[in-house]
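S.K.: The sequence isn't on hand, but the structure is:
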């Protein structure tokens with residue numbers, strides 16, 4: 001982000017001011033920032049930087065610009081931490097969930113039984129002729145099912161996110177469990193360490209999971225009374241530079257199905273191609289495309305505002321966009337436009353289950369173990 005003046009060397013010093021606030025504790029800047037009120041933070045910052053009064057007018061203008069952006073970041077970080085109220089973090093409940101998960105899926109056989117029920121809830125059905133009986137071939141790591149009518153053979157994991165994978169089912173299910181954590185999810189670095197697999201394998205597992213969740217999200221259009229509008233996803237690529245904030249922005253649709261009292265029970269956040277934005281408004285063709293793809297034809301009422309943040313009557317929508325941005329930036333250090341939609345769909349999948357007061361793991365695992 002360009003700054004006024006010809007010399008920004010003094011301004012760049014503001015980027016490192018946080019190291020002085022850390023003191024000897026060595027704690028991270030963000031953990032220090034969000035615990036202080038805006039007034040205390042601003043006061044301490046100016047006391048630290050009172051020597052700047054000796055700068056000439058141009059350089060002081062640059063300096064003050066940098067400070068105001070730092071304070072803006074402080075407010076944004078503080079807000080993101082306050083928004084964590086959407087997903088309550090409870091260490092004890094997480095430990096109980098972890099214990100229950102490990103008791104439920106102790107062996108490969110336990111995982112295989114769950115996949116069978118998710119894939120064929122009414123018993124085996126041949127994918128070619130729909131015959132209901134099969135021979136079971138157990139000479140492989142995972143059983144094969146051979147149709148008694150057409151002799152077609154199918155694997156238990158064929159047509160699921162696990163198809164073609166040599167990773168054990170227990171590791172796949174642990175990945176499902178980690179993704180189902182509403183407040184944090186997981187990234188490829190963490191997953192590779194927990195599963196003892198390569199980073200490439202962990203990334204591919206998570207990518208397949210997100211692709212399946214995106215397909216599931218697209219199969220469930222918004223219904224009832226629907227309101228929405230446009231917002232921006234702002235990636236935070238460089239956490240060490242406090243002045244060059246948000247180098248790129250991605251416009252997104254955010255829309256909700258509203259229940260009684262205008263409380264949302266289903267949220268969708270979909271990216272908009274920048275070419276579909278002109279003069280701060282969404283082009284009618286883009287609105288029409290969103291309506292056709294993501295809103296049910298039986299919807300009672302549809303109101304999509306085409307200008308930025310005109311959905312003021314549903315303040316929670318903006319809150320969910322900020323929460324998604326906070327989760328993505330905190331867990332993945334920002335995501336580029338190529339894969340952003342997959343991460344937004346993952347976020348919305350968990351969020352919608354929470355809004356409907358439903359558990360997350362079983363619906364998520366059923367989507368991933370069922371036919372895609």
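M.R.: Here it is on my side, so go on. The structure presented is a predicted model; accordingly, all values stated were derived computationally and were not measured.
S.K.: Buried residues of the helix or strand containing residue 146, list them for me.
M.R.: In this structure, residue 146 sits in strand 144-147 according to DSSP states H and E. For strand 144-147, burial by neighbour count (16 or more other CB atoms under 10 Å) applies to 144-145, 147. C-beta here means a position set from N, CA and C on the backbone, and glycine is covered the same way.
S.K.: again with stretch 336-356
M.R.: Neighbour-count burial for stretch 336-356, counted by 16+ other CB under 10 Å, picks out 340-353, 355.
S.K.: Identify all contacting residues around that stretch.
M.R.: Among residues not part of stretch 336-356, those counted as contacts by CB atoms under 8 Å, 6 or more residues apart in numbering are 86-87, 179-180, 182, 185, 207, 209-211, 213-214, 216-217, 233, 235, 248, 250, 252, 264-271, 320, 323-324, 327-328, 332, 335, 359-360, 363-364.
S.K.: Kindly recompute the last result at 7 Å.
M.R.: Contact with stretch 336-356 is made by 182, 185, 210-211, 213-214, 216-217, 233, 250, 264-271, 320, 324, 327-328, 335, 360, 363-364, as judged by CB atoms under 7 Å, 6 or more residues apart in numbering.
S.K.: Stretch 252-269 too?
M.R.: The list of residues contacting stretch 252-269 from outside it, by CB under 7 Å, 6+ apart, reads 222-233, 270-272, 290, 294, 304, 314, 316-317, 320-321, 324, 344, 348, 351-352, 355-356.
S.K.: switch to 6 Å and redo it
M.R.: Residues outside stretch 252-269 that contact it (CB atoms under 6 Å, 6 or more residues apart in numbering): 222-226, 228, 231, 233, 270-272, 290, 294, 317, 320-321, 344, 348, 351-352, 355-356.
S.K.: Filter those residues down to the ones in helices?
M.R.: Secondary structure from DSSP state H places 290, 294, 317, 320-321, 344, 348, 351-352, 355 of the contacts of stretch 252-269 in helices.
S.K.: which one in the residues you listed is the model shakiest on?
M.R.: Across the ones in helices among the contacts of stretch 252-269, the member with the lowest pLDDT is residue 317, scoring 82.
S.K.: Considering the ones in helices among the contacts of stretch 252-269, which is situated nearest to residue 191?
M.R.: Of all these, residue 344 has the smallest distance to residue 191: 19.5 Å, by CB to CB.
S.K.: Next one: the closest one from residue 132, what distance?
M.R.: Noted for residue 344: a distance of 40 Å to residue 132, by CB to CB, to the nearest Å.
S.K.: one step back: and the contacts of stretch 336-356, which are buried?
M.R.: Taking 16+ other CB under 10 Å as the criterion, what is buried in the contacts of stretch 336-356 is 182, 185, 210, 213-214, 216-217, 233, 250, 264-270, 320, 324, 327-328, 335, 360, 363-364.
S.K.: Give me the subset of those lying in helices.
M.R.: Assignment to helices by DSSP H places the following of the buried ones among the contacts of stretch 336-356 there: 210, 213-214, 216-217, 320, 324, 327-328, 363-364.
S.K.: Dump those residues to JSON lines, plus distance to residue 126.
M.R.: As requested, those are arranged in JSON lines below (distance: CB to CB, whole Å):
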{"residue": "210", "distance to residue 126": "30"}
{"residue": "213", "distance to residue 126": "27"}
{"residue": "214", "distance to residue 126": "28"}
{"residue": "216", "distance to residue 126": "24"}
{"residue": "217", "distance to residue 126": "29"}
{"residue": "320", "distance to residue 126": "43"}
{"residue": "324", "distance to residue 126": "41"}
{"residue": "327", "distance to residue 126": "41"}
{"residue": "328", "distance to residue 126": "41"}
{"residue": "363", "distance to residue 126": "26"}
{"residue": "364", "distance to residue 126": "27"}
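S.K.: Farthest pair within those residues?
M.R.: Farthest pair in those (CB to CB) is 328 and 363. Separation: 21.7 Å.
S.K.: For the stretch 51-200 of the chain, just list every one of the strands.
M.R.: Assignment of strands within the stretch 51-200 of the chain using DSSP state E, counting those that start in this stretch yields the ranges 134-137, 144-147, 153-155.
S.K.: Which neighbouring elements make contact with the second one?
M.R.: Read that as strand 144-147. When contacts are defined as 3 or more CB pairs under 6 Å, 6 or more residues apart in numbering; DSSP states H and E, strand 144-147 packs onto strand 134-137, strand 153-155.
S.K.: in its sheet, what does the longest one sit against?
M.R.: According to DSSP bridges, the neighbouring strands of strand 134-137, each with its direction, are strand 144-147 (antiparallel).
S.K.: Just the closest of the ones in helices among the buried ones among the contacts of stretch 336-356 to residue 97, please.
M.R.: Comparing these against residue 97 with CB to CB places residue 364 closest, at 13.2 Å.
S.K.: Go ahead and confirm the closest one touches residue 177.
M.R.: No. Contact between residue 364 and residue 177 fails when scored by CB atoms under 6 Å: they sit 9.1 Å apart.
S.K.: tell me which residues of stretch 294-310 are tucked away?
M.R.: Residues of stretch 294-310 classed as buried under the neighbour-count rule (16+ other CB under 10 Å) are 294-295, 302, 304-305.
S.K.: any chance of these in CSV, plus distance to residue 155?
M.R.: Written out in CSV, the entries for the buried residues of stretch 294-310 read as follows (distance: CB to CB, whole Å):
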residue, distance to residue 155
294, 33
295, 37
302, 43
304, 43
305, 48
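S.K.: Could you check how far residue 296 is from residue 226?
M.R.: The spacing between residue 296 and residue 226, counted by CB to CB, is 9 Å.
S.K.: Now list whatever residues contact both of these two.
M.R.: Taking CB under 6 Å, 6+ apart as the contact criterion, no residue touches both residue 296 and residue 226.
S.K.: Since that was my last question, I'll sign off now.
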